[in-house]
Each structure stands twice: as structure tokens, then as C-alpha cells.
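# Predicted structure and sequence below. I'll ask about it afterward.
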Amino acid sequence: MKFGIDRLLADPDLRKPLEGKRVALLAHPASVTAGLTHSLDALVAAGVNVSAMFGPQHGVRGDLQDNMMESPDFTDATYNIPVFSLYGEVRRPCGQSMGTFDTILIDLQDVGCRIYTFVTTLLYVLQAAAEHGKSVWVLDRPNPAGRPVEGLTLLPGWESFVGAGPMPMRHGMTLGELGHWFVDHFKLDLDYRVITMEGWAPDTAPGFGWPPERVWINPSPNAANVNMARAYAGTVMLEGTNLSEGRGTTRPLELFGAPDVDAKAVIAEMRRIAPHWLNGCTLRDIWFQPTFHKHAGQLCNGVFIHAEGAAYDHEAFQPWRLQALGFKAIRALYPDYDLWRDFPYEYEFDKLAIDVINAGPGLRSWVDDAAAEPGDLNAATAPDEIAWADVRRPHLLY
């Protein structure tokens with residue numbers, strides 16, 4: 001199959017509208033061709049007049065580990081072009097940077113989750129382009145989590161850098177498709193184009209969204225593989241808790257645990273409460289010691305989520321419910337456990353991080369209510385999931 005960047009490079013007719021234009025590129029380390037050449041180098045070699053670069057969270061180089069670590073602007077030493085950070089002094093492109101190009105190409109590998117900030121950066125670029133009369137092209141890439149939809153929809157008033165608009169946690173769209181929805185939903189007036197992929201098969205084994213013949217490159221430092229991308233719509237919620245999500249280990253955002261939990265007991269309690277929410281994956285109790293971040297240097301007992309191998313069932317796997325169930329099991333086993341981490345999350349200072357992540361208090365309320373059953377969370381969530389499937393349908397390109 002071909003990603004958007006590969007089609008653009010292979011077809012001079014697709015590139016023709018860029019002739020005589022100043023072209024910016026929004027990219028990160030995973031912005032590479034099928035041959036693993038970085039898109040910047042490949043575009044320059046193809047004769048595209050790249051006049052500026054932009055970088056999302058974690059930077060163009062992908063060197064900054066944690067959230068709320070800002071990247072500076074700098075000048076690219078190879079091509080002597082400005083590189084503007086969209087996770088530094090500003091989150092939205094400003095007038096100075098918008099004056100450096102006519103068309104911006106967005107070539108970002110996403111992981112298919114509302115909270116992954118590249119989604120919000122896409123919206124902010126679209127809004128700035130509409131304001132300044134610029135063109136936006138998305139060079140589309142696969143959603144490695146595939147088409148399934150899951151999670152509560154963002155509530156009005158809960159918009160943030162990890163919540164760009166009223167979509168569920170697991171949206172099941174590519175960035176190119178999301179751009180179409182943003183343009184429609186926010187009534188944006190601009191020249192928006194998608195260089196589509198060729199041959200993407202999101203419902204086909206074994207990749208179910210990620211073509212197994214393509215090399216995986218971390219789009220952010222802790223997005224190490226496809227298993228992480230599949231689990232992320234659930235495990236990202238760990239960032240709002242005092243449980244470790246595995247930062248400081250070699251498998252971040254594929255596991256959860258702490259020094260003061262019994263992982264085998266947690267798995268057994270999860271199975272007791274809602275065994276059907278464990279379908280599609282395999283849970284394994286583990287020991288780990290983070291070298292940094294939460295519980296650094298402490299021996300932790302935890303649960304590893306394997307959304308891979310022969311036991312993986314793409315349609316059955318529900319990472320958001322699975323992680324919610326993990327919280328529910330810990331709350332049942334340890335009623336007074338200090339579960340919710342109280343700290344500023346993505347510059348939101350007046351809301352609990354777990355609520356910012358879920359774009360509302362619904363998930364936390366369900367976990368903390370001892371009388372709440374799995375059916376209660378399903379009843380709250382299923383209408384959102386059904387509605388989103390209808391909303392997104394006109395914008396699907398594959």
C-alpha cells in the first residue's frame with residue numbers, strides 16, 4: 001500500500017498545484033516515506049519549495065519525553081529554514097509563522113485517540129489557515145487502532161488541548177478524515193485537501209489498521225509499537241492517576257501498576273465484575289521498576305495488556321472499558337486507594353486530570369460509585385458511540 005506522502009512523491013500531477021508555492025511541512029520523526037527517508041528530505045529532493053517546518057508536541061525531533069515539556073523554535077541546519085514549535089510559546093500558528101508559506105502539508109502519524117494532541121494541532125492549523133487564507137493538505141496515514149469507536153463524547157465546556165471537539169475517545173478515523181469533519185463541524189472556509197492512501201485495509205487481519213509490511217516508527221517517544229496504539233485509548237487514562245502507565249520502562253502505555261497493588265487480585269476482580277470487557281486481549285501480571293516518572297526506582301506489580309498475537313480479536317477488544325474496569329477493580333479491592341492524581345494536566349488547572357482526559361466527569365463518577373455496574377457505564381456510553389458512527393460516516397475516505 002501507499003501512504004499519502006508516497007503517493008504525492010510518486011505522482012507529479014498531485015504535486016503540480018504546489019508549483020510556485022511556498023510550502024510548509026508539519027512533521028515529526030515518524031514522517032517518513034516507505035523507504036524511511038524523512039518527508040522533508042524527500043519533498044526537497046522532489047523539487048518542492050519547502051519554506052518552513054512546524055513541529056507538534058514532543059517536537060519535530062521527537063526528543064521530549066513527557067507531557068508539558070515545550071519545544072523551542074529553531075532554524076534547520078540542513079535547509080536553513082525556520083522550524084516553528086506548536087508546543088512551545090504557542091499552541092496555534094501565529095501571524096509570523098503563517099507568513100512563511102502558502103500551503104502547509106501535514107504529515108503526522110496519529111494513533112486514533114481524541115487525547116493524542118496531534119488531533120488538536122490539526123484543528124488549530126485548519127483554523128489559522130482559514131483565518132489567513134492558506135491551503136492545508138493532509139498527507140494521510142493509517143489509524144493503527146482501526147475503525148472501532150469507543151468512549152464518552154466530549155461534553156460542551158470541556159474542550160482542551162486533549163479535547164478538540166465532540167468526539168469519543170477512540171474515534172476510528174484518519175487525520176485526513178478528521179480534517180474533513182473539522183472543516184464541516186466548525187464551518188471553516190479554506191482550501192483543504194487530503195492526499196489519500198492507496199490500499200489501506202483497516203478491517204483486515206493481521207494489521208487491522210496498521211499494514212504489517214510497514215515499519216513502525218514512534219510518532220512520540222512513548223508510542224513504541226502497534227500494541228501501544230491499540231491499548232492507548234484506555235491506558236492514556238492512567239496519566240490522570242497515581243498508577244504507573246509504564247513511563248520509565250521499555251513498554252509505556254501498555255501496562256498499569258504500582259508498588260501497593262496485587263496484580264493477580266486486580267485481574268481476578270476485573271474478571272469477576274465484567275468478564276466480557278476482557279475479550280479480545282490477554283492480561284498478564286508482571287513486575288516492573290520505572291527508571292523515572294511515577295514510582296521511579298520502586299518495584300511495582302502490574303498488569304500488561306496484550307492486544308496482539310493469536311488471542312487478539314480486533315472487534316471484541318475495548319481498551320477504554322478495559323482500563324475503566326481496571327480502575328473499578330482497584331477501587332473495589334482498595335476502597336481508600338489514592339487513585340486520582342491531582343495536578344495540572346495540559347495546562348488545565350481547575351479540573352482533575354482524569355476528567356480532562358475523559359472530557360467530563362462521567363468515567364470517574366462511575367469508578368467511584370460503589371453501586372455502579374458495568375451496565376451503567378454502557379448505558380451512558382453506547383449512545384455516544386452509535387451517534388459518532390453516524391456523524392463520521394460522510395467523512396470516511398476508505
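Nice, I can see it.
# Can you classify L40 by secondary structure?
Secondary structure assignment for L40 (DSSP: H, G, I helix; E, B strand; the rest coil): helix.
# What segments of the stretch 51-200 of the chain are strands?
Counting by DSSP state E, counting those that start in this stretch, the stretch 51-200 of the chain has strands at residues 74-75, 82-85, 103-107, 135-139, 191-195.
# If I look at the spatially closest residue to T75 that is not a sequence neighbour, what pLDDT would I see?
Setting aside the residues directly before and after it, T75 is nearest to P82 in space (CB to CB, 6 or more residues apart in numbering), at 5.9 Å. Just so you know, the C-beta spots here come from the backbone N, C-alpha and C atoms, and that holds for glycine as well. P82 is assigned a pLDDT of 95 by the prediction.
# Pull the contacting residues for P82.
Shown in contact with P82 (CB atoms under 8 Å, 6 or more residues apart in numbering): 52-53, 73, 75-76, 97, 100.
# Would you check how far apart it and V32 are?
Distance, P82 to V32, using CB to CB, to the nearest Å: 22 Å.
# likewise A231?
24 Å.
# who's more crowded, those two?
Remark: of A231 and V32, A231 carries more neighbours, 27 against 23, as counted by other CB atoms under 10 Å.
# ok, then the element right after the one helix or strand that one maps to?
Take DSSP states H and E as the rule and A231 turns out to sit in helix 226-235. Sequence-wise, the next helix or strand downstream of helix 226-235 (DSSP H and E) is strand 255-258.
# Let me see the residues that make contact with that following strand.
For strand 255-258, contacts defined as CB under 8 Å, 6+ apart pick out 235, 238, 242-246, 249, 263, 286, 288, 294-295, 300-305, 323, 326.
# buried stuff in the very next helix or strand once past it?
Using DSSP H and E, the helix or strand that follows strand 255-258 in sequence is helix 263-273. Residues of helix 263-273 classed as buried by neighbour count (16 or more other CB atoms under 10 Å): 263, 266-267, 269-270.
# What residues sit buried inside stretch 218-227?
Residues of stretch 218-227 classed as buried by neighbour count (16+ other CB under 10 Å): 218-224, 226-227.
# What about these, which are in helices?
Counting by DSSP state H, the buried residues of stretch 218-227 place 226-227 in helices.
# Tell me the one of the buried residues of stretch 218-227 nearest S39?
Distance ranking of the buried residues of stretch 218-227 against S39, using CB to CB, places P219 first at 12.7 Å.
# ok, the closest one to P29 distance?
Between P219 and P29 the computed distance is 7 Å (CB to CB).
# need the helices for the stretch 251-398 of the chain, in chain order.
263-273, 319-333, 353-358, 362-368, 374-392 (DSSP state H, counting those that start in this stretch).
# Now tabulate the ones you listed in a markdown table and tack on distance to M1 and mean pLDDT.
Output for the helices of the stretch 251-398 of the chain, formatted as a markdown table (distance: least, CB to CB, whole Å; pLDDT from 0 to 100):
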| stretch | distance to M1 | mean pLDDT |
| --- | --- | --- |
| helix 263-273 | 37 | 98 |
| helix 319-333 | 25 | 98 |
| helix 353-358 | 32 | 96 |
| helix 362-368 | 35 | 98 |
| helix 374-392 | 22 | 97 |
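# just so I know, which of those lies nearest P17?
helix 374-392 (27.3 Å).
# For that closest one, give me every contacting residue.
For helix 374-392, the surrounding residues in contact (CB under 8 Å, 6+ apart) are 149-153, 167-168, 171-173, 177, 181, 273-274, 277, 321, 324-325, 362-363, 366, 369.
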